[in-house]
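Student: sequence first, then the predicted structure:
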Amino acid sequence: MKISCKEFELILKHPFSIAKFTRTSTPLMLLKLESNGQIGYGEASMVPYMGESYASAQEFLNAVEWNRFSFPFNFEEIHAYLDDLKPGNPAIKAAIDIALHDLTGKLLGKPLYEMIGSNPEKMPVTSYTVGIDTPEVIREKLADAQNFKVIKVKLGRDNDQEIIQTIRAVTDLPLYVDANQGWSDRKKAIDLCYWLHDQGVLLIEQPMDKLDLDGNAWLTQRSPIPIIADEAMQRIGDLAALKGAYHGINIKLMKTAGIYEAKQTIDKARSLGMKILIGCMSETSIATLAGIALAPQCDWADLDGPWLTVNNPFAQPILENGKYVMPNTPGLGLSGMKEDLF
Ligand code: MG
């Protein structure tokens, strides 16, 4: 197998602010694996708060014994090996997993969604995320969201109602809310849940601190809107403890170390009676197409990564009436790659 990788700075359209920080770009490690005459592409999106970097990704790729991987790839064995090699590092593990899935699809001549058993007719609409900002910039961001049928709003500072009112003055689309652990007072939080319910909010992500299981559970028992774990839900091992404390989970490929564990997490969450949102980080079309292939197995999708950036080096995934259309070409269905990328 021939391995190439490329550091890539993905630039955000607008500085992105959530409850606890602001940033303007995201470091990616793009990965290209060549085997049996085909090429698979993968991507690690290393948002700073997750602790991975160009250096850690390069170090991980250097440590992998690539000759252990041969087609047909045994993903269970490969993931056990990667987890044994080094704990953590879920984004670069996801890059390897996604590239091997893309390669598998190309070698089998099958689109990814078919390989993992997704029904294209069950594709949920995907949301467009609006970060915390001034009313003027929020209105500007909403003008970019014309193709979307649901808006995800970042809350969790002290102007939550003002932000929702600004949005409601412009659009009556349904809303998802992400508080990013920004709420701490239970009484205020439950009052806000009822108010947001009246404002047409359909779900709330990570209202309180990820370590405050009791606080989140208290809210889940009382909230008229589903409460979804995001920061509290990283790898599949976290899932069982969240049952009862949240109505559902937000899975992201950069947390689950790729498609293989994401699929296992979806199946396990279903068996526990939990709802599933599939989310993303700041990503190019590579990781977004992988998320899109899993989306029909989830209740909600928030896969807007490429739409919030200005230099996605691939064709944008196809969106129609607020839903992604899955490519029928083998593997991820990636197209339009910039010529000098690798
Ligand atoms: Mg979130």
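Tutor: That came through fine.

Student: how about residue 120, what does it touch?
Tutor: When contacts are counted by CB atoms under 8 Å, 6 or more residues apart in numbering, residue 120 touches 113, 296, 326. (C-beta placed from N, C-alpha, C; glycine too.)

Student: again, 10 Å this time
Tutor: For residue 120, the contacting residues are 111, 113, 114, 293, 295, 296, 323, 324, 325, 326, 328, by CB atoms under 10 Å, 6 or more residues apart in numbering.

Student: got it, and residue 163?
Tutor: Contacts of residue 163 were listed using CB under 10 Å, 6+ apart, and they are 130-135, 138, 153-157, 177.

Student: nearest to residue 19, of the contacts of residue 120?
Tutor: Closest approach between these and residue 19, by CB to CB: residue 295, at 25.6 Å.

Student: where are the low-confidence patches of the stretch 51-200 of the chain?
Tutor: Within the stretch 51-200 of the chain, no range satisfies pLDDT under 70.

Student: what residues does it have near the ion?
Tutor: residue 178 (CB under 5 Å from the ion).

Student: which part of the stretch 51-200 of the chain gets nearest to the ion, residue-wise?
Tutor: residue 178 (4.3 Å; CB to the ion).

Student: cool, and the chain?
Tutor: residue 230 (3.6 Å).

Student: what is the burial count for that residue?
Tutor: Neighbour count for residue 230, taken as other CB atoms under 10 Å: 22.

Student: ok, it to residue 156 distance?
Tutor: Distance, residue 230 to residue 156, using CB to CB, to the nearest Å: 12 Å.

Student: quick check: neighbours shared by the two?
Tutor: Common contacts of residue 230 and residue 156 (CB under 10 Å, 6+ apart): 178, 179, 180, 181, 205, 206.

Student: surely residue 121 is in contact with residue 325?
Tutor: No. Taking CB atoms under 10 Å as the definition, residue 121 is not a contact partner of residue 325, at 11.6 Å.

Student: more neighbours: the two, which one.
Tutor: Of the pair residue 121 and residue 325, residue 325 is the one with more neighbours under other CB under 10 Å, namely 14 against 6.

Student: how far does stretch 166-173 sit from its chain's centre?
Tutor: Taking CA atoms, centre = their mean, to the nearest Å, one finds the center of stretch 166-173 at 25 Å from the center of the full chain.

Student: next helix or strand past the top helix by length along the chain?
Tutor: Across the chain, the longest stretch assigned as helix under DSSP state H is helix 90-108. Downstream of helix 90-108, the first helix or strand assigned by DSSP states H and E is helix 112-115.

Student: next SSE downstream of that next one?
Tutor: Using DSSP H and E, the helix or strand that follows helix 112-115 in sequence is strand 127-130.

Student: counting contacts, what elements does that next one pack onto?
Tutor: The helices and strands touching strand 127-130, judged by 3 or more CB pairs under 10 Å, 6 or more residues apart in numbering; DSSP states H and E, are strand 2-17, helix 135-143, strand 150-154, helix 160-168, strand 175-178.

Student: got the ones you listed as CSV, with distance to residue 107 columns?
Tutor: Output for the helices and strands packed on strand 127-130, formatted as CSV (distance: least, CB to CB, whole Å):
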stretch, distance to residue 107
strand 2-17, 15
helix 135-143, 41
strand 150-154, 36
helix 160-168, 46
strand 175-178, 37
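
Student: stretch 239-258 near the ion at all?
Tutor: No. Contact between stretch 239-258 and the ion is absent, the nearest approach being 5.7 Å (criterion: CB under 5 Å from the ion).

Student: can you give me the strands for the chain?
Tutor: Along the chain, the stretches classed as strands by DSSP state E are 2-17, 22-35, 38-45, 127-130, 150-154, 175-178, 201-205, 227-229, 248-251, 275-278, 300-301, 319-320, 323-324.

Student: between those strands, which gets nearest to residue 337?
Tutor: strand 38-45 (8.1 Å).

Student: count the residues that sit near the residue of the stretch 51-200 of the chain closest to the ion.
Tutor: Residues lying near residue 178 (other CB under 10 Å) number 28.

Student: same check, this time on residue 63
Tutor: Counted with other CB under 10 Å, the neighbours of residue 63 add up to 11.
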